[in-house]
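Student: No sequence on hand, only this structure:
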C-alpha cells in the first residue's frame with residue numbers, strides 16, 4: 001500500500017476547557033530525525049505542562065513510536081499515533097504541547113483532545129506521495145548553478161538547503177527513479193572540475 005507524507009511543517013492549536021493544545025507536525029526521514037526534533041521542541045517548550053508525541057517512519061510504516069509524556073497511560077501518545085495511522089500517512093512526527101488550564105478533562109476527554117487536535121492539524125497539512133528520494137550534496141562554481149537548477153527542476157527535484165559563499169553549496173532532493181540523469185549530469189560537470197558532489201542514502 002502506498003502512503004502519503006506531508007511536505008512542510010504545520011502548527012495548529014485549540015483551547016479545550018481552559019487547557020491549550022498545540023499540535024506541531026513535521027515531515028521526517030528517519031527516527032533519528034524525529035528524536036532530534038523532539039529534543040529541540042522540548043527545550044523550546046520546557047514551560048509546557050506536557051509535550052506528548054508520536055511518529056511513523058518507513059514506506060511500510062514499519063517504525064512507530066509514541067509517548068504519553070506524563071499524561072495518564074494511553075491518553076495522549078496512542079491517540080496521537082492513531083490519528084496519524086487513520087490519515088494514511090508515514091514519515092511524520094506529531095508533537096502535541098499542552099498548557100494546563102486548571103480543569104481536568106478525564107481519560108475520555110484527554111483521548112479526544114490529543115487525537116482531535118492532531119486530526120484537525122492534519123487537515124491543514126499539504127500532502128504528497130511518500131516516494132523514495134535521493135539526496136545529493138553539491139559544491140559548485142556559480143558558472144554551472146543555473147544549468148544545474150534547470151536540470152534538477154526538469155527531473156522534479158528541488159533544493160532543500162543552500163549556502164552561497166565562494167562556491168554554491170546545495171543539498172538537492174530528487175525522486176530516486178529520476179536520479180540517474182542528474183547523476184550523469186553531475187558526473188560530467190565533476191569531470192570538468194566545475195563541481196564536486198556526494199550522494200547520500202535514499203529517504204522519503
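Tutor: Here it is on my side, so go on. Note that the structure is a prediction, hence the values are computed from the model and not measured.
Student: Give the closest residue to residue 124 in space, chain neighbours not counted.
Tutor: Spatial nearest neighbour of residue 124, chain neighbours left out: residue 10 (5.3 Å); criterion: Cβ to Cβ, 6 or more residues apart in numbering. C-beta here means a position set from N, CA and C on the backbone, and glycine is covered the same way.
Student: for residue 9, same thing?
Tutor: Leaving out its chain neighbours, the residue that sits closest to residue 9 by Cβ to Cβ, 6+ apart is residue 26, at 5.0 Å.
Student: Identify the bridge partners of the one you found.
Tutor: On the basis of DSSP bridges, residue 26 is bridged to residue 93.
Student: Might you report the residue contacts of it?
Tutor: By Cβ atoms under 8 Å, 6 or more residues apart in numbering, the residues touching residue 26 are 9, 34, 37, 92, 93, 94, 95.
Student: what's the spacing between the third one and residue 110?
Tutor: Distance, residue 37 to residue 110, by Cβ to Cβ, to the nearest Å: 23 Å.
Student: again with the last one
Tutor: With distances defined as Cβ to Cβ, the gap from residue 95 to residue 110 amounts to 16 Å.
Student: and stretch 33-42, how far from the chain's centre?
Tutor: Centroid separation between stretch 33-42 and its chain, computed with Cα atoms, centre = their mean, to the nearest Å, is 11 Å.
Student: Please identify the buried residues of that stretch?
Tutor: Residues 33, 34, 37, 38, 41 are the ones in stretch 33-42 that count as buried (16 or more other Cβ atoms under 10 Å).
Student: for the residues you listed, which one is nearest residue 56?
Tutor: Residue 56 lies nearest to residue 34 out of those, by Cβ to Cβ, at 9.2 Å.
Student: what about residue 112, how many neighbours?
Tutor: 16 (other Cβ atoms under 10 Å).
Student: Can you give me the buried ones in the helix or strand containing it?
Tutor: For residue 112, the host element (DSSP states H and E) is helix 106-124. For helix 106-124, the neighbour count (16+ other Cβ under 10 Å) marks 110, 111, 112, 113, 114, 115, 116, 117, 118, 119, 121, 122 as buried.
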